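*Asks:* Everything below, folded, please.
(6 chains, ligands or ions: 6)
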6 protein chains.
Amino acid sequence: MRLSRWFTPSTTASAHCDLPCGVYDPAQARIEAESIKAIIAKVEGNDDPDFRTRAIVIKEQRSELVKHHLWVLWTDYFKAPHFEKYPQLHTLFNEATKLAGATGTKGALDAKVADQLLEKIDQIAEIFAETKKA
Amino acid sequence: MRLSRWFTPSTTASAHCDLPCGVYDPAQARIEAESIKAIIAKVEGNDDPDFRTRAIVIKEQRSELVKHHLWVLWTDYFKAPHFEKYPQLHTLFNEATKLAGATGTKGALDAKVADQLLEKIDQIAEIFAETKKA
Amino acid sequence: MRLSRWFTPSTTASAHCDLPCGVYDPAQARIEAESIKAIIAKVEGNDDPDFRTRAIVIKEQRSELVKHHLWVLWTDYFKAPHFEKYPQLHTLFNEATKLAGATGTKGALDAKVADQLLEKIDQIAEIFAETKKA
Amino acid sequence: MRLSRWFTPSTTASAHCDLPCGVYDPAQARIEAESIKAIIAKVEGNDDPDFRTRAIVIKEQRSELVKHHLWVLWTDYFKAPHFEKYPQLHTLFNEATKLAGATGTKGALDAKVADQLLEKIDQIAEIFAETKKA
Amino acid sequence: MRLSRWFTPSTTASAHCDLPCGVYDPAQARIEAESIKAIIAKVEGNDDPDFRTRAIVIKEQRSELVKHHLWVLWTDYFKAPHFEKYPQLHTLFNEATKLAGATGTKGALDAKVADQLLEKIDQIAEIFAETKKA
Amino acid sequence: MRLSRWFTPSTTASAHCDLPCGVYDPAQARIEAESIKAIIAKVEGNDDPDFRTRAIVIKEQRSELVKHHLWVLWTDYFKAPHFEKYPQLHTLFNEATKLAGATGTKGALDAKVADQLLEKIDQIAEIFAETKKA
Ligand code: NI
Ligand code: NI
Ligand code: NI
Ligand code: NI
Ligand code: NI
Ligand code: NI
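*Replies:* Ligands and ions are numbered 1, 2, ... in the order given. Predicted coordinates:
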């Protein structure tokens, strides 16, 4: 996530209920992706098999949360005009959620995969920030 | 949340699994509290009774999330030395979680109660930020 | 859902874990959408306000399940070649999940909205069936 | 599940909320049981220990879903007259849910156990179909 | 629940994971049913419509928990010899779970229905206690 | 849990919804902690690696439930006057929930850790019982 994101005032802090409350924020997905990256780093330095089991289970849950937070943004925050203006948005979300699934952070214990996921989330966050300014 | 929080670099973005991944962030609780405040504002401008029902249900869920995120910080992030250095921390967390419960945002549709909750979270966030710098 | 779907042999019955087990089926989303339609019909014939509250709560949950089942298909089942062959697929899924959200069956107690949701799911199911045959 | 089930028109597609919406369908339990069978097959052809961990975790969740869907049918769909007409129904449900538990698909990675579970679900589905016709 | 239950030593305190850990206790279902009864009493003394909405939502969740805890006992704790010795057990569980559903505490705000549910749970608890002594 | 707890009449059986229904009971946390102790005992007598995986996963869930039940007591049941009368209460809850986390029963397969958790819960239960009598 680029530093720019963190300079927007706190009123953009956002969530995702479907009232909708109108509060959305890519930070929710990013926090979980950061967690995944940290989990992978911890497993590398720890060869207790029970710890590895716990790490895989928790990484599975965190990956599912990434997918959920991204899906909510894709369906609930972004509207038809956004998809027209950013034609790459569908593919971006589809690839990002795949990167948090079986072919991504769920199926792998690989820091590079976590980095790819973080990068995709940042690309989404940048478009999100642009639409907020508009 | 004071602006200062938003200027810390993105590596402080944090989550709460209990591996622990080591990533924690008061922003998770704050995002849900912002959502509660927005829900209350929306109900004020909408007298459809079905919408009010939905708002109460969703406010209930968001309040529960606030409580959960705060409990995780209190138990998992803060350690004995923190509680020694910040003797008000226990009471702060206890009051903040009560403010997201039946005597707080669950039981009321009152913007002032949401503001009190946000303020408590900001006080926690400030101590959290200090411990991160330490 | 066109009758044709129901004539495919039971081995196409499918689910959505992200091992992945390889079992997927649009029937999961459709069952929940049928439930939403039935809930709306029941509310029309029942003016007990407590029943209406329960119906709104349950409709909210069923709508969320529709969204979840569709998101899983969009991310986990469909691959890049599918999106190339069916360029309308992204929009179809985005509109279908919106139809189960605040601007769809969550926000309304309207049989017509439930029918629109069912129709979108059937369009997805038809493409799904074609890809299974391929 | 016998082919006959799949030839019934889509209006029998069903779910399980407890409004009740009136929509029930043994397919929900069967889809999860099919998933369990597929998971077991995948583990047999894959000796990565992390994959095995994920498979066991997901099989646990899918088995719990089978139990839940069956319990809902037993309590919410079937009424006293059904239990009178089909005196074997209680035992059938009790054995089927046990087959998805610790002494069944939760505790084993055995295709034969998954097949036994599927067979029990099919026996339930057949009685279900008969009661729908009545 | 008869007083006798509460005099059994604490080692009978029990839960319901499906490892299985071997710890089961009808108290889990009873606690939720007591909660339902208390919720109904509170609604009688409070005519705030928002409070009523919250009460209905929470009563729905507590009723679901009763059903779940009872289903677990029926499938996971009780074995074939128990059902032979107590032929009324299937019907008892089926009626108890129905009493926590749409035709029971979910669908009604009626203290008498809550009492009927509590009574059924006590009947189950008595048989449970007998099987523990055996 | 001291025997004394079990001699209090059944009307103290309690739960934890946040209506609030007013029903609270440390037994909920204790039942899950008993389960954790039983899980650890079972793993010691069973060297099947798949069983160990299941045990770790289920122990994780049961530990999370202990934390949740304790957090609810700390925030929802205990009020300011209690914390004044029992100044050790904050630390007791903080330590008890830590004992069910990564540095406690989640991170270890150690009967002694489970015993420490049970002891802390009993200390809380004793104070709870005193406040009930008051
Ligand atoms: Ni929201
Ligand atoms: Ni974490
Ligand atoms: Ni699957
Ligand atoms: Ni239903
Ligand atoms: Ni257990
Ligand atoms: Ni309660």
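
*Asks:* Can you classify the closest residue to ligand 4 within chain A by secondary structure?
*Replies:* Of all residues in chain A, A:D18 sits closest to ligand 4, at 19.8 Å by Cβ to the ion. Glycine gets a C-beta too; all of them are placed from N, C-alpha and C. Here A:D18 is recorded as coil under DSSP: H, G, I helix; E, B strand; the rest coil.

*Asks:* And for it, the neighbour number?
*Replies:* Neighbourhood size, A:D18 [other Cβ atoms under 10 Å in any protein chain shown]: 21.

*Asks:* I figured it hits B:I58, correct?
*Replies:* Yes. The pair A:D18 / B:I58 is scored as a contact, 7.5 Å apart, by Cβ atoms under 8 Å.

*Asks:* does the helix or strand harbouring A:V43 come close to chain F?
*Replies:* A:V43 belongs to helix A:27-44 when assigned by DSSP states H and E. No. Helix A:27-44 stays clear of chain F (Cβ under 8 Å from any Cβ of the partner chain), getting no nearer than 10.8 Å.

*Asks:* what about A:T53, how many residues close to it?
*Replies:* A:T53: 23 neighbours (other Cβ under 10 Å).

*Asks:* Export the helix or strand containing it to PDB, keeping only CA atoms.
*Replies:* Taking DSSP H and E as the definition, one finds A:T53 inside helix A:49-72. In PDB, the C-alpha atoms belonging to helix A:49-72 read as follows (Å, rounded to 0.1, in the frame of the first residue of the first chain):
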ATOM      1  CA  PRO A  49       5.200 -29.700  13.200                       C
ATOM      2  CA  ASP A  50       2.300 -28.700  15.500                       C
ATOM      3  CA  PHE A  51       3.200 -25.000  15.000                       C
ATOM      4  CA  ARG A  52       3.200 -25.600  11.200                       C
ATOM      5  CA  THR A  53      -0.300 -27.200  11.500                       C
ATOM      6  CA  ARG A  54      -1.600 -24.200  13.400                       C
ATOM      7  CA  ALA A  55       0.000 -21.800  10.800                       C
ATOM      8  CA  ILE A  56      -1.600 -23.600   7.900                       C
ATOM      9  CA  VAL A  57      -5.000 -23.500   9.600                       C
ATOM     10  CA  ILE A  58      -4.700 -19.800  10.400                       C
ATOM     11  CA  LYS A  59      -3.300 -18.900   7.000                       C
ATOM     12  CA  GLU A  60      -6.400 -20.600   5.500                       C
ATOM     13  CA  GLN A  61      -8.700 -18.400   7.600                       C
ATOM     14  CA  ARG A  62      -6.800 -15.200   6.900                       C
ATOM     15  CA  SER A  63      -6.800 -16.000   3.200                       C
ATOM     16  CA  GLU A  64     -10.600 -16.500   3.300                       C
ATOM     17  CA  LEU A  65     -10.900 -13.100   5.000                       C
ATOM     18  CA  VAL A  66      -8.800 -11.400   2.200                       C
ATOM     19  CA  LYS A  67     -11.200 -13.000  -0.400                       C
ATOM     20  CA  HIS A  68     -14.200 -11.800   1.500                       C
ATOM     21  CA  HIS A  69     -13.100  -8.200   2.000                       C
ATOM     22  CA  LEU A  70     -12.100  -8.000  -1.700                       C
ATOM     23  CA  TRP A  71     -15.400  -9.500  -2.900                       C
ATOM     24  CA  VAL A  72     -17.300  -6.900  -0.800                       C
END
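
*Asks:* tell me which residues of it are tucked away?
*Replies:* Using 16 or more other Cβ atoms under 10 Å in any protein chain shown as the test for burial, helix A:49-72 gives A:50-60, A:62-63, A:65-72.

*Asks:* for it, the distance to its chain's centre please.
*Replies:* The offset between the C-alpha centroid of helix A:49-72 and the centroid of the whole chain comes to 12 Å, using Cα atoms, centre = their mean, to the nearest Å.

*Asks:* Which of the residues in the helix or strand just after it are classified as buried?
*Replies:* With elements assigned by DSSP H and E, the helix or strand that comes after helix A:49-72 is helix A:80-85. Within helix A:80-85, the residues scored as buried using 16+ other Cβ under 10 Å are A:82-83.

*Asks:* helices or strands up against helix A:80-85?
*Replies:* helix A:89-99 (3 or more Cβ pairs under 8 Å, 6 or more residues apart in numbering or on different chains; DSSP states H and E).

*Asks:* Just give the nearest non-adjacent residue to the residue nearest the centre of chain A, would you?
*Replies:* In chain A, the residue lying closest to the centroid (Cα atoms, centre = their mean) is A:A29, at 3.2 Å. Nearest residue to A:A29, sequence neighbours excluded (Cβ to Cβ, 6 or more residues apart in numbering or on different chains): A:H69, at 3.9 Å.
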